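Asker: coordinates only, no sequence provided:
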């Protein structure tokens, strides 16, 4: 809470009434004659043409799915096809005024939006621009295929658009992203067509994040989240709408950045979420447009638009774009429509009647629109027939090309087995995502935190080898701060947000000093909306920026599950490497705070391909790994431990360097040399292991080598294997619960890689498969030094004269596993 | 009375704070709410405000000092009031020190669980870590003597290191045997446990529990020592017991006039140095005689199985040897084809290697008949135990002086006893006795036998 705002008891407790404005429902009622002032005959006809393209494209897919044939072209498509016959007018109407700087983000049912937005872009771009885009995209791979016939650039571009999308849907290497996205994740960035999303409502936070990028970095254009009415049932959508509309944009952000995010939350409201009827069954809003009134005092300028009339949608979009240009976003649109086809071709429409479908077919968007144009004498029936004929011919040609294995091969994973492997991470080093001056409040050397750190001891011990007091020693949190502030002064696109990061300085004082250094638009408090925090960062990075977001507690990963696991982790690879994802998600592993605030979820995150995971626990490693994470272009889940924010550097001789350096992600570090047993740790268990190593050495003459994993994904086993070859024994320990721990994966890999050298199976010591109990009981839950020695004694190498404290026997393991505890 | 101002504790984890600035100086008048000093933790900066009014009488710390939380930092009071009693540097902070002393943890006495070495033969298969196995292979450590100190009776690296340190290794040739764990090896000689493979093939013996001797034992044994059995002893005991419990063994005793072989041996002994002859022992002579007589008694140069007999053309003679590790039975292969001096040289070499522990395990198996000699230890007669699936074993007894009637005169002579144990399942008493009498005849006319 900023001090500049006063929470007045008088104001808060005042009696009164909250009133709402009326929300318009389908108010558009212009005739074609009236609209002739706004549209030429060509415009009218092009709107029809675009809708007809969508109709034919979707019909083609429907026939391919259900009959394995379209117009003589045989093809079997096992992949998904969520078709949008009936929704053409809403897609074309929306795209009509949009330029390539305007980004749309779709859903599983977004083929129509791709075609509409693509055709709109082709209409607006000149030939040279169009040709450049096609020539430069994927090295001209798609252009070469469609360029064979002589035709105008615009015609060529239409072939390019339809072919690129269809080849993507058919999982061809010649698709827009080499077939790795497919039907539900298709997109084409040069036309402002951003990823569609197979998670219902997934685009809401992502679109808001792209809008945040536009706002923070002064970019033109707006963003649109195209999601369905079913998506209103999803929390992240509500989070995104609030995030896009936070009070601080108007009340706290600097003058040049005032106003909500330039984003339209557009709901293509076809009344069904798969088979569940939203209106009347699963939702409570009655009319979807109502929701806007619950989010902001502006009611999100919400209205219901008739998505069965392209001109009504065009009219609404024009007005809404103007609102956003006045920095009054976000906007909510309830674009009512109806899908004639099922949710997917396997849908038997058991949840709706034929009468209902027929009633909507009678008002079919193409028929109704062409009839109106004929009435208004814009064109005669033949003109429409001719358009349909041309389109059918073109779609047949495109379908034949996309279905042809020789023209449109698939990715050959025998010939290039690393084709997917090499795009799981982009592994680039980019110092700044854009080259321009950074927006900061003061020179870095004037920053009070920077000055305070300058006085600290960068090595954890004094001349006599005694630990330097906590207040005087350079702490782990200082290492994080140094890396982060350094990047803020280099990369103008870098922003950071999360819960309580401004003013408070972050719950663990890592950001203390950043408030002074940075304007609001680069450092701000997010709502308690973990989905929105991560999802917007995904959109921010997609649009070209770099972000650090903080979730405060590791446990809150659960609240942002989809955004971390399905969005952050997957877009680089689903885009065949076209998108970069330079996002660092800081999560803090707690202790003392019980079951919902003390979990080490490295195992969870490392189980999802596409995420890098690091867990530094020394100031040197924290700074070096944060520098590396911020220099890269990959998503990094950056684990921190609340046990060690205040710890000084005990390993890197000479202390933490003042200058810039990186610790390579993926490289473990030997923190203590030894010869008899190897102990590999993840997280702050390092210090527990060192304590155990000390006791082993002093009491039992056993020399332990202690290795700090530092990174979990990627991870270089070479150093560990070398150590195991030497010692023949390895124990792995971390605070993660034992079952499903990533240490088990590591242990299994080590057993495979060093089997002949092992004197005992690799043994994992993790936390119990319980809730985390109260702080006073934690010694029974988290691995302790004596547990480590117990496990060595019981499972690796009985120690003469040692009496174990805990039970690590076979019988005990079987008993616990039997009980699932 | 003056009021001390303490360094507040800002949060449970904060142990001390640094005074960054004194906003009031001693002698200054202080009103309630005035900022006395600014201080910081590693996370944040705070102002400490006066809660009472008066004069700032004294400050106990300087700017920049790192002050333990809850210590008195300054004193506010009426002018002239005493304040020294509040100075934390005066009056030993006994309580703090007492608190600083770590509480002695009282560990519950748990019954000591010692690391107990378990003999490796505890189960069907030797339990050994890959690392220990590799080490044994490369160093030739003799795993028969390994005492498993790893979890669950597993032989681990340190157990192999111990073997090496104690010199318990086998020859390079023998090493290979240890790799072929699980290979089925037949007859390894009387009590001869020769390779880990042998170990693996043998029936299980209940694991030796590390259970202490029952405390309830009432009998007073006086002083005694409990020693774990080495592996070889366990194998011998198992094989001996199996032999006696599964076979129908009986022993025939006889003796022969050793005059001729003794004379023969004496002759060789005299001529040895001059002619460079090998040192032929009485035992060698007996081995030679057995090797020549046995082919005529095929039931004793054979293996008996439940449903069949295997007869051997040649004689592979097992020779029981007492070694520091226990009984071993190396084999003189093809003894029936060897000359006396060859048998002698061969058996001497085998006995030496067995005693040294360097013998190739291949030479500890494959015998078709066994000779064991306790005569040199003064045994007059005994019951040797057959090494299955052999059908007989010849015990050689000591030499005693006996008398016999020669031409009506009582004449003393040197008699040597022979104890033949045979498996009545394989052959009957008469054929066994016939072998014994043929052997007696051959030995009493040894020079004739040599001439054959």
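Answerer: Structure's in. What do you need? Note that the coordinates shown come from a computational prediction; the quantities given were computed from them, not determined experimentally.

Asker: any stretches of the stretch 51-200 of chain B with poor pLDDT?
Answerer: Within the stretch 51-200 of chain B, the set of residues satisfying pLDDT under 70 comprises B:91-125, B:171-200.

Asker: neighbours around the residue in the stretch 351-452 of chain B that chain A sits nearest to, how many?
Answerer: Minimum separation of the stretch 351-452 of chain B from chain A (Cβ to the nearest Cβ) falls at residue B:361, amounting to 23.4 Å. Placement of C-beta: from N, CA and C, glycine included. By other Cβ atoms under 10 Å in any protein chain shown, 24 other residues sit near residue B:361.

Asker: residue B:414 falls within a strand, correct?
Answerer: Yes - the assignment for residue B:414 (DSSP: H, G, I helix; E, B strand; the rest coil) places it in a strand.

Asker: could you measure the residue of the stretch 351-452 of chain B closest to chain A against residue B:167, distance?
Answerer: Here the criterion is Cβ to Cβ, to the nearest Å. By it, residue B:361 lies 18 Å from residue B:167.

Asker: ditto for residue B:295
Answerer: 41 Å.

Asker: show me where the stretch 101-250 of chain A has its strands.
Answerer: A:103-106, A:193-196, A:223-228 (DSSP state E, counting those that start in this stretch).

Asker: hmm, back to that, which one of residue B:295 and residue B:167 has more residues nearby?
Answerer: Comparing residue B:295 with residue B:167 by other Cβ under 10 Å, the one with more neighbours is residue B:295, at 14 against 9.

Asker: wait, the more buried one sits on residue B:301?
Answerer: Yes - assessed by Cβ atoms under 8 Å, residue B:295 is found in contact with residue B:301 at 6.6 Å.

Asker: okay, and the common contacts of these two?
Answerer: Between them, residue B:295 and residue B:301 share these contacting residues under Cβ atoms under 8 Å, 6 or more residues apart in numbering or on different chains: residue B:315.

Asker: pLDDT at residue 350, what is it?
Answerer: Answering for chain A, as no chain was given. The model reports residue A:350 with a pLDDT of 86.

Asker: nope, chain B
Answerer: We have a pLDDT of 91 for residue B:350.

Asker: quick check: chain neighbours aside, which residue is closest to it?
Answerer: Nearest non-adjacent residue to residue B:350, counting by Cβ to Cβ, 6 or more residues apart in numbering or on different chains: residue B:330, 3.7 Å away.

Asker: residue A:173 too?
Answerer: The nearest residue in space to residue A:173 (Cβ to Cβ, 6+ apart) is residue A:411, at 4.6 Å.

Asker: ditto for residue A:51
Answerer: Residue A:51 sits nearest to residue A:88 (Cβ to Cβ, 6+ apart), 4.0 Å away.

Asker: cool, and residue A:569?
Answerer: residue A:610 (3.5 Å).

Asker: which ones are touching that neighbour?
Answerer: Applying Cβ under 8 Å, 6+ apart, we find residue A:610 in contact with A:424-425, A:568-570, A:572-573, A:635.

Asker: ok, now which ones touch residue A:31?
Answerer: Residue A:31 makes contact with residue A:376, according to Cβ under 8 Å, 6+ apart.

Asker: ok so residue B:253 is a strand residue?
Answerer: Yes - counting by three-state DSSP, residue B:253 is part of a strand.

Asker: doesn't residue A:568 make contact with residue A:206?
Answerer: No - the criterion here is Cβ under 8 Å, and residue A:206 misses it with residue A:568 at 10.0 Å.

Asker: shared neighbours, these two?
Answerer: residue A:538.

Asker: more neighbours, these two?
Answerer: Each of residue A:206 and residue A:568 has its neighbours counted (other Cβ under 10 Å); residue A:206 has more, 33 against 29.

Asker: I'd like to know how far that one sits from residue A:317.
Answerer: Separation of residue A:206 from residue A:317 (Cβ to Cβ): 20 Å.

Asker: phi and psi next, for residue B:59.
Answerer: Phi and psi for residue B:59, reported as degrees, to the nearest 10, are phi -120, psi 140.

Asker: ok, now which ones touch residue A:681?
Answerer: Contacts of residue A:681 (Cβ under 8 Å, 6+ apart): A:688-689, A:706-709, A:732-734.

Asker: give me every residue in chain A lying close to chain B.
Answerer: A:452, A:469-472, A:475, A:477, A:505, A:508-509, A:512, A:646, A:728, A:755-760, A:793-805, A:810 (Cβ under 8 Å from any Cβ of the partner chain).

Asker: helix or strand: which one has the closest residue to residue B:405 other than its chain neighbours?
Answerer: In space, residue B:405 comes closest to residue B:411 once its chain neighbours are excluded; the distance is 7.3 Å by Cβ to Cβ, 6+ apart. Secondary structure assignment for residue B:411, by DSSP states H and E: strand B:409-423.

Asker: that strand pairs with which strands, and in what direction?
Answerer: Applying DSSP bridges to the sheet, strand B:409-423 is found paired with strand B:249-257 (antiparallel), strand B:392-406 (antiparallel).

Asker: by proximity to chain B, which residue of the stretch 501-650 of chain A wins?
Answerer: residue A:509 (3.4 Å).

Asker: could you list the low-pLDDT ranges of the stretch 701-821 of chain A?
Answerer: Across the stretch 701-821 of chain A, nothing is flagged by pLDDT under 70.

Asker: who wins for neighbours among the contacts of residue A:610?
Answerer: Counting neighbours by other Cβ under 10 Å, residue A:635 comes out on top of the contacts of residue A:610 with 31 neighbours.

Asker: what's the burial count for the residue of the stretch 501-650 of chain A closest to chain B?
Answerer: With other Cβ under 10 Å as criterion, residue A:509 counts 20.

Asker: please identify which helix or strand holds it.
Answerer: Going by DSSP H and E, residue A:509 is not part of any helix or strand.

Asker: which non-adjacent residue is nearest it?
Answerer: Distances taken as Cβ to Cβ, 6+ apart place residue B:43 nearest to residue A:509, at 3.4 Å, with adjacent residues excluded.

Asker: the one you found contacts residue A:505, correct?
Answerer: Yes - when contacts are counted by Cβ under 8 Å, residue B:43 is listed as touching residue A:505 (7.2 Å).

Asker: list residues touching both of the two?
Answerer: Common contacts of residue B:43 and residue A:505, defined by Cβ under 8 Å, 6+ apart, comprise residue A:512.

Asker: contacts for stretch B:269-276, please.
Answerer: So stretch B:269-276 is in contact with B:277-279, going by Cβ under 8 Å, 6+ apart.

Asker: turn those residues into JSON lines, columns for neighbour count and distance to chain A.
Answerer: Shown next, in JSON lines, are the contacts of stretch B:269-276 (neighbours: other Cβ atoms under 10 Å in any protein chain shown; distance: Cβ to the nearest Cβ, whole Å):
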{"residue": "B:277", "neighbour count": "16", "distance to chain A": "52"}
{"residue": "B:278", "neighbour count": "16", "distance to chain A": "47"}
{"residue": "B:279", "neighbour count": "13", "distance to chain A": "48"}
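
Asker: so which residues make contact with stretch A:289-307?
Answerer: Contacts of stretch A:289-307 (Cβ under 8 Å, 6+ apart): A:20-21, A:23-28, A:87, A:89-90, A:93, A:232, A:238, A:241-242, A:245, A:260, A:265, A:268-269, A:285, A:287-288, A:312-313, A:316, A:320, A:323, A:328, A:330-337.

Asker: what about the residues you listed, which are in strands?
Answerer: A:265, A:268-269, A:331-336 (DSSP state E).

Asker: which residues sit against the strand or helix carrying residue B:163?
Answerer: Assigned by DSSP H and E, residue B:163 belongs to helix B:157-165. The contact list for helix B:157-165, computed with Cβ under 8 Å, 6+ apart, reads A:728, A:759, A:797, B:117, B:129, B:131-132, B:135-136, B:139, B:141-143, B:145-150, B:169.

Asker: now that helix: how far from the chain's centre is it?
Answerer: Here helix B:157-165 shows a centroid-to-chain-centroid distance of 9 Å under the convention Cα atoms, centre = their mean, to the nearest Å.
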